[in-house]
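Q: how does the following fold in three dimensions:
(2 chains)
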Amino acid sequence: DTEVTQTPKHLVMGMTNKKSLKCEQHMGHRAMYWYKQKAKKPPELMFVYSYEKLSINESVPSRFSPECPNSSLLNLHLHALQPEDSALYLCASSQVWGPNTGELFFGEGSRLTVL
Amino acid sequence: GEDVEQSLFLSVREGDSSVINCTYTDSSSTYLYWYKQEPGAGLQLLTYIFSNMDMKQDQRLTVLLNKKDKHLSLRIADTQTGDSAIYFCAESSGSSASKIIFGSGTRLSIRP
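A: Okay, here's the model as predicted:
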């Protein structure tokens, strides 16, 4: 199994809603990532978890709250989002995280629209 | 800081070779990658090269690395319509706070 599975594929939410994006991998990878991708732009790193601990937070607003319940799961909790947060949210994993991080395996993404 | 640059568009005729270019700034980069993204999908790793290599070939794909000029290229031989996608060059920072930094992406379109 070389897949990273993300749910939901599409999400529409209002600015007062609370929702969550979920990501799962069963490759035994110990590093998991959230990226945000706006249209016609490259993915931008948001968070890195290594061995279930938050290792990088790229100054992401607190309305995005990541959680790594175990080595296979990564969540992104969303609350009080703004319309400009509408984007494709990509989850990725790699065997490890560090100076020689190798291949990132990406999910298909969750397309979020904030009204 | 790290920066990865690519041209935004490339159009090639079906059957010709495509060459996508990339420049990067972090001389300590250990890995350099090429990812492919089709519309509405996530990113798929096509190939990667270690920074101590000059060239890597994998079927229709050839990666060339000029470490002195910090220039990376991806050549796709016999380009097919299924190769239409956005291609991202990326580098893995060699620093301890490792990040994978993506270029802006090159949109490859294939004309008949």
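
Q: and residue A:24, what does it touch?
A: By Cβ atoms under 8 Å, 6 or more residues apart in numbering or on different chains, the contact set of residue A:24 is A:4, A:5, A:6, A:72, A:73, A:74. Placement of C-beta: from N, CA and C, glycine included.

Q: tell me which element it is part of?
A: Per DSSP states H and E, residue A:24 falls inside strand A:18-25.

Q: and chain A, which residues reach chain B?
A: By Cβ under 8 Å from any Cβ of the partner chain, the residues of chain A that approach chain B are A:4, A:6, A:40-43, A:45, A:48, A:56, A:90, A:92, A:97-109, A:111.

Q: list buried members of these by neighbour count.
A: A:4, A:6, A:42-43, A:45, A:48, A:56, A:90, A:92, A:97-98, A:101-109, A:111 (16 or more other Cβ atoms under 10 Å in any protein chain shown).

Q: okay, now the unreliable bits of the chain?
A: You didn't say which chain, so I picked chain A. Low-confidence segments of chain A (pLDDT under 70): A:1-2, A:99-101.

Q: please refer instead to chain B.
A: B:1-2, B:94-98.

Q: how much space between residue A:20 and residue A:85?
A: Per Cβ to Cβ, to the nearest Å, residue A:20 is found 14 Å from residue A:85.

Q: so those two - more neighbours on which side?
A: residue A:85 (19 against 15; other Cβ atoms under 10 Å in any protein chain shown).

Q: what pairs with the residue nearest to residue A:103 when sequence neighbours are not counted across the strands?
A: Nearest non-adjacent residue to residue A:103, counting by Cβ to Cβ, 6 or more residues apart in numbering or on different chains: residue B:45, 5.1 Å away. As for beta bridges, residue B:45 partners with residue B:35 under DSSP bridges.

Q: repeat for residue A:74
A: Beta-bridge partners of residue A:74, as defined by DSSP bridges: residue A:23.

Q: hang on, it packs against residue A:54?
A: No - using Cβ atoms under 8 Å, residue A:74 is not in contact with residue A:54; the gap is 10.7 Å.

Q: what touches both of those two?
A: Jointly contacting residue A:74 and residue A:54 under the rule Cβ under 8 Å, 6+ apart are A:66, A:68.

Q: residue B:27: neighbour count?
A: 10.

Q: also residue B:23?
A: Per other Cβ under 10 Å, the neighbour tally for residue B:23 reads 16.

Q: so what's it up against?
A: Neighbouring residues of residue B:23 by Cβ under 8 Å, 6+ apart: B:4, B:5, B:6, B:69, B:70, B:71, B:72.

Q: how close does residue B:15 get to residue B:77?
A: Distance from residue B:15 to residue B:77, by Cβ to Cβ: 10 Å.

Q: now the element after the helix or strand containing residue B:89, going C-ward?
A: In this structure, residue B:89 is located in strand B:85-92 according to DSSP H and E. Following strand B:85-92 in sequence order, the next helix or strand is strand B:100-102 (DSSP H and E).
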